[in-house]
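Enquirer: Dropping the sequence and predicted coords here.
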Amino acid sequence: MATILYAEDDDAMRKFFEKALEKAGHHVIACADGERALRALKFADGAFDMLLTDIMMPGMDGIELAKHAETLSPGIKIMFITGFAAVAMGDQDASSQTVLSKPVHLRQLVTEVDRLIAA
């Protein structure tokens with residue numbers, strides 16, 4: 001079981017994926033935006049095993065959130081999930097990041113989360 005911080009601005013998707021990950025045995029803290037997720041990261045003091053984040057969110061986007069996460073919690077695993085992966089990642093070196101493109105089947109999400117946690 002992993003403790004996952006999940007940032008997603010789409011309420012329905014956030015609730016749907018949160019329930020699926022919890023059903024798979026993970027503890028999930030879900031946030032509606034990057035700013036709330038950053039506050040959770042600061043408060044948790046390294047308690048998260050993984051950051052699962054949408055890339056395109058109002059305010060702080062997922063890429064900026066991931067940069068903060070790597071600083072605040074070295075070694076945290078990061079997975080992006082987005083409908084705009086190719087555009088949003090731009091020139092970023094994504095070789096150390098996992099990116100899932102929406103739409104994502106729940107089985108694929110859980111499989112990829114479990115794979116990344118185990119890596």
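Expert: Looks like it came in fine.

Enquirer: Could you pull out the strands in this structure for me?
Expert: In order along the chain, the chain carries the following strands (DSSP state E): 3-7, 27-31, 50-54, 77-82, 98-101.

Enquirer: Out of those strands, which is the most enclosed?
Expert: Most buried of those by mean neighbour count (mean count of other Cβ atoms under 10 Å) is strand 50-54; its value is a mean of 25. C-beta coordinates here come from the backbone N, C-alpha and C atoms, glycine included.

Enquirer: Partner strands of it, with direction?
Expert: In the sheet, strand 50-54 lines up against strand 3-7 (parallel), strand 77-82 (parallel) (DSSP bridges).

Enquirer: And the closest residue to Arg14 other than its chain neighbours, how far from Asp61?
Expert: In space, not counting the residues next to it along the chain, Arg14 is nearest to Glu8; the distance is 4.0 Å by Cβ to Cβ, 6 or more residues apart in numbering. Plainly put, Glu8 is 12 Å away from Asp61 if you go by Cβ to Cβ, to the nearest Å.

Enquirer: So these two - more neighbours on which side?
Expert: It is Glu8, of Glu8 and Asp61, that has more neighbours when counted by other Cβ atoms under 10 Å, with 24 against 19.

Enquirer: I'm done for today, thanks for sticking with me.
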